[in-house]
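> Here's my sequence, what's the structure:
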Amino acid sequence: MVDINGNLFYIYPKSISQLKTIILLIVSLFCINSAYSQETVERSHKINDHITEKLHVLKSDKSTRQGLYQAVYNKSIAIASGQFDKDIKTGVWHFYDPNGHLLQNYDYTKKDLLYEAPEDTTSNLRYFVDKQLTDTDRTTKPIKPGGRYYGYLPYLKLFKLPANLMDINRDVSIAVVELLVSPGGRLAYFKVSIYSGNYSKTFNVNIDALNDEDRTFIPATLNNEPIGCRILIKCFIDNDGTLIF
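Numbering: from 1, shown residues only. Here you go, the predicted structure:
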């Protein structure tokens, strides 16, 4: 065997129990060497004026996220926390709203929704299907892994108010994001409608800029069958022309 300092030595097992101990030692040494090879450094950057990401990246490849990740709202509330393994979300992640209320627990390794908080009439999200529903129909809404706040940030980041509209009065202006989720759980289109006084305009947003994860949903269902569903999200326009909840 070779120790972590590179020194060569031999161990001859005298029993089955000793052999098991030697195997355990070998595994431990591999884990130690792996830990050394996965050395990370901490990084942070802003998602928007209110949210900062705190993450670790490989020291040998700073484009690869590795280890603990947090997204923090106003420097105090963690709205997302979990682990990356070689730039892939792994294990159970936890997602919260800006007040610190748990919205969702999602297991990215098993692709399994563990918890989704109830949604009431104060939510900024509304759901519509192109079918007349009856009192006996059983429906479920589409669900975004990442929760109803953090999970929708990529769509808000993708849109910015055109330069010719930057001077509109923010106090009397709103934006409505419209997403169509297919029965297969894929994002089909993305629109943003701006309303300011008597002015209104709808913009089609190119979803090709989104990665595969941001196009993936748990689809809505009608009587246990997947169905297409539109999600409408009421937003406000920030000073820099980006959208916020």
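
> For the closest residue to residue 141 other than its chain neighbours, grab the count of nearby residues.
In space, residue 141 comes closest to residue 127 once its chain neighbours are excluded; the distance is 4.8 Å by Cβ to Cβ, 6 or more residues apart in numbering. Just so you know, the C-beta spots here come from the backbone N, C-alpha and C atoms, and that holds for glycine as well. Residues near residue 127, counting by other Cβ atoms under 10 Å, number 16.

> helix/strand/coil for residue 127?
Following DSSP: H, G, I helix; E, B strand; the rest coil, residue 127 is assigned to strand.

> Any idea what it is bridged to?
residue 231 (DSSP bridges).

> Report the contact partners of it.
Going by Cβ atoms under 8 Å, 6 or more residues apart in numbering, residue 127 touches 141, 142, 220, 229, 230, 231, 232.

> now it: how far from residue 158?
21 Å (Cβ to Cβ, to the nearest Å).

> same thing with residue 81?
Using Cβ to Cβ, we find residue 81 at a distance of 24 Å from residue 158.

> Can you give me the domain assignment for the chain?
For the chain, automatic domain parsing gives the domain ranges 1-37, 39-117, 120-245.

> Dump these to CSV, plus mean pLDDT.
Output for those, formatted as CSV (pLDDT from 0 to 100):
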stretch, mean pLDDT
domain 1-37, 48
domain 39-117, 95
domain 120-245, 95
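
> Just give the closest residue to the most centrally placed residue in the chain, not the sequence neighbours.
Compute the mean C-alpha point of the chain, and by Cα atoms, centre = their mean the closest residue is residue 146, 3.9 Å away. Spatial nearest neighbour of residue 146, chain neighbours left out: residue 95 (5.9 Å); criterion: Cβ to Cβ, 6+ apart.

> Please work out how many residues are found near the one you found.
26.

> Which secondary structure state is assigned to it?
strand.

> what's near enough to touch it?
Applying Cβ under 8 Å, 6+ apart to residue 95 gives the contacts 79, 80, 102, 103, 104, 105, 106, 146, 147, 149, 150, 151.

> Quick check: the second one is in a helix.
No: the assignment for residue 80 by three-state DSSP gives strand, which leaves it out of any helix.

> For residue 164, which three-state class applies?
State at residue 164, reduced to three classes by three-state DSSP: helix.

> Any idea what the residue nearest to residue 146 is bridged to?
residue 80, residue 104.

> Would you map the helices across this protein?
Secondary structure of the chain, counting by DSSP state H: helices at 16-37, 153-158.

> Dump the last one to CSV, restricted to CA.
Extracted in CSV, the C-alpha atoms of helix 153-158 (Å, rounded to 0.1, in the frame of the first residue of the first chain):
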residue,chain,number,x,y,z
LEU,A,153,-36.1,33.5,-11.2
PRO,A,154,-34.5,32.3,-14.5
TYR,A,155,-37.6,33.6,-16.4
LEU,A,156,-37.6,37.0,-14.7
LYS,A,157,-33.8,37.3,-15.5
LEU,A,158,-34.4,36.6,-19.2
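
> Pull the distance from it to the chain's centre.
Offset of helix 153-158 from its chain centre (Cα atoms, centre = their mean, to the nearest Å): 11 Å.

> Over to stretch 235-245?
Centroid separation for stretch 235-245 versus its chain: 20 Å, with Cα atoms, centre = their mean.

> Kindly present the contacts of residue 127 as TSV, with separate columns for distance to residue 85 and neighbour count.
Compiled in TSV, these are given as follows (distance: Cβ to Cβ, whole Å; neighbours: other Cβ atoms under 10 Å):
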residue	distance to residue 85	neighbour count
141	30	19
142	27	25
220	31	24
229	32	24
230	35	18
231	30	22
232	35	15
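
> Farthest-apart pair in the residues you listed, please.
Using Cβ to Cβ, the two most remote members of the contacts of residue 127 are 220 and 232, lying 13.4 Å apart.

> Fine, thanks again, bye for now.
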